[in-house]
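Trainee: based on what follows, work out the 3D shape:
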Amino acid sequence: MSVEVRPQAQGQEENLQQLVESLASLHDMERTTLRLMACGRAAVPALRAFLFRVDPSGTYEPRCWAARALGRIGAHEVLVEFLNREHSCSDPVAQLGEEAVVHTAARSLAAVTSEEAYQSLLRVARWRSLAGPIEVLGEYRRPEVIPVLIRALEDDAARSSAEGALSNFGESVGPALFQASIRKEPTPDHESPSSVLRRRSALRLLTETRTAAHFWRELRELMHDRDFLVQARACRIGLDCGNEAEKANAGLRLVRLLSVANGYVRSEIEDALIHHFEAVREIVEEHLKQEDTVASRRSLTRVVRLATSATDH
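Mentor: Numbers count the residues shown, from 1 in each chain. Coordinates of the predicted model:
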């Protein structure tokens with residue numbers, strides 16, 4: 001049975017198609033998107049078709065704008081459908097573009113709390129650690145998400161989103177962070193760079209969520225870790241949670257670490273020493289008299305100046 005298309009409806013459909021196709025021209029995409037959003041649900045079929053069309057050149061911005069438009073229109077079912085599809089591309093350039101669109105589509109579901117949306121986001125996050133899905137999943141605060149967020153700490157692009165998401169869980173995430181801070185993969189003797197990055201973040205989050213004290217007995221070993229930043233963060237936990245002897249040991253290790261650490265690690269060490277200056281004052285002042293490394297001397301001088309200045313005020 002054939003369906004007669006009315007001229008007015010056909011004209012509107014053609015106009016919508018022209019608007020959607022104009023996104024591909026990369027010209028005034030924001031204005032075009034606003035015009036499409038003004039059309040409401042009538043624009044959904046054309047936007048859906050455009051969103052699902054992978055550009056082999058790797059150009060992804062137009063499809064990102066289509067995803068935003070669908071989210072603002074409220075066509076969340078289309079975004080869920082899109083996230084549930086296969087997103088692996090054989091071409092590396094096309095793959096990067098596809099991941100950018102997935103990121104935008106996921107963020108466009110931020111206000112949606114349906115089980116379908118949650119499952120699609122979880123599926124994508126298990127496939128690849130992308131900031132968008134990781135960020136939105138954190139808002140659900142469901143325990144089964146925690147391992148996915150922990151894994152995302154290993155990814156440079158998703159780490160900040162994963163840290164924010166894990167912080168949402170408060171103290172309940174402590175045991176998972178503790179395990180993430182001590183687990184060296186693939187083996188303790190041959191740890192990968194991504195494993196080190198995960199352990200660094202986990203230690204910082206243990207401090208921020210105020211759960212490190214529960215695991216201090218096991219974390220003490222990390223003050224001797226091969227990675228200087230892991231050492232520094234473990235020592236800071238020692239200053240936070242240890243007894244007097246452990247605090248003195250942690251302070252001493254931090255001061256000694258100054259001579260071999262890079263600028264970023266030295267900055268963290270300085271902050272820890274300033275924050276706990278009363279506990280480490282004697283150690284800092286004694287090493288300041290003996291220290292012959294320029295970088296260490298500068299750091300210790302800065303620690304004393306800033307700590308005493310804060311005390312005076």
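
Trainee: quick one: the strands in this protein?
Mentor: Assigned by DSSP state E, the strands in the chain fall at 186-187, 190-191.

Trainee: could you list the paired strands of the last one along with their orientation?
Mentor: This points to strand 190-191. The strands beside strand 190-191 in its sheet (DSSP bridges) come out as strand 186-187 (antiparallel).

Trainee: turn the strands of the chain into TSV, including mean neighbour count and mean pLDDT.
Mentor: C-beta coordinates here come from the backbone N, C-alpha and C atoms, glycine included. Formatted as TSV, the strands of the chain follow (neighbours: other C-beta atoms under 10 Å; pLDDT from 0 to 100):
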stretch	mean neighbour count	mean pLDDT
strand 186-187	9	94
strand 190-191	13	95
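
Trainee: quick one: these as CSV, columns for distance to residue 138 too.
Mentor: As requested, the strands of the chain are exported to CSV (distance: least, C-beta to C-beta, whole Å):
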stretch, distance to residue 138
strand 186-187, 27
strand 190-191, 26
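
Trainee: which of those strands sits closest to residue 220?
Mentor: Closest of the strands of the chain to residue 220 is strand 190-191, at 18.9 Å (criterion: C-beta to C-beta).

Trainee: got the contact list for that closest one?
Mentor: Here strand 190-191 makes contact (C-beta atoms under 8 Å, 6 or more residues apart in numbering) with 184, 185, 226.

Trainee: and stretch 261-280, by the same measure?
Mentor: 228-229, 232-233, 235-236, 239-240, 247-248, 251, 254-255, 257-258, 284, 295, 299, 302-303, 306-308, 310-311.

Trainee: now the buried members of the residues you listed.
Mentor: 228-229, 232-233, 235-236, 239-240, 247-248, 251, 254-255, 257-258, 284, 299, 303, 307 (16 or more other C-beta atoms under 10 Å).

Trainee: residue 157 touches residue 130, doesn't it?
Mentor: Yes. At 7.3 Å, residue 157 counts as touching residue 130 under the criterion of C-beta atoms under 8 Å.

Trainee: those two - which one has more neighbours?
Mentor: The residue with more neighbours, out of residue 157 and residue 130, is residue 130; 23 against 14, by other C-beta atoms under 10 Å.

Trainee: roughly how far apart are the closest residue to the more buried one other than its chain neighbours and residue 91?
Mentor: Nearest residue to residue 130, sequence neighbours excluded (C-beta to C-beta, 6 or more residues apart in numbering): residue 103, at 5.0 Å. According to C-beta to C-beta, to the nearest Å, residue 103 and residue 91 sit 18 Å apart.

Trainee: the two: who's more crowded?
Mentor: residue 103 (24 against 13).

Trainee: quick one: contacts for that one?
Mentor: Residues in contact with residue 103, defined by C-beta under 8 Å, 6+ apart, are 130, 131, 132, 133.

Trainee: contacts for stretch 53-69, please.
Mentor: Under the criterion C-beta under 8 Å, 6+ apart, residues 20, 23-24, 26, 29-30, 32-33, 36-37, 43, 47, 50-51, 79, 82, 89, 91, 93-94, 96-98, 100-101, 104-105, 108 lie in contact with stretch 53-69.

Trainee: can you turn the buried part of these into a ChimeraX selection?
Mentor: Typed into ChimeraX, the line below selects the buried ones among the contacts of stretch 53-69, using 16+ other C-beta under 10 Å:
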select :20,23,24,29,32,33,36,37,43,47,50,51,79,82,89,94,97,98,100,101,104,105,108
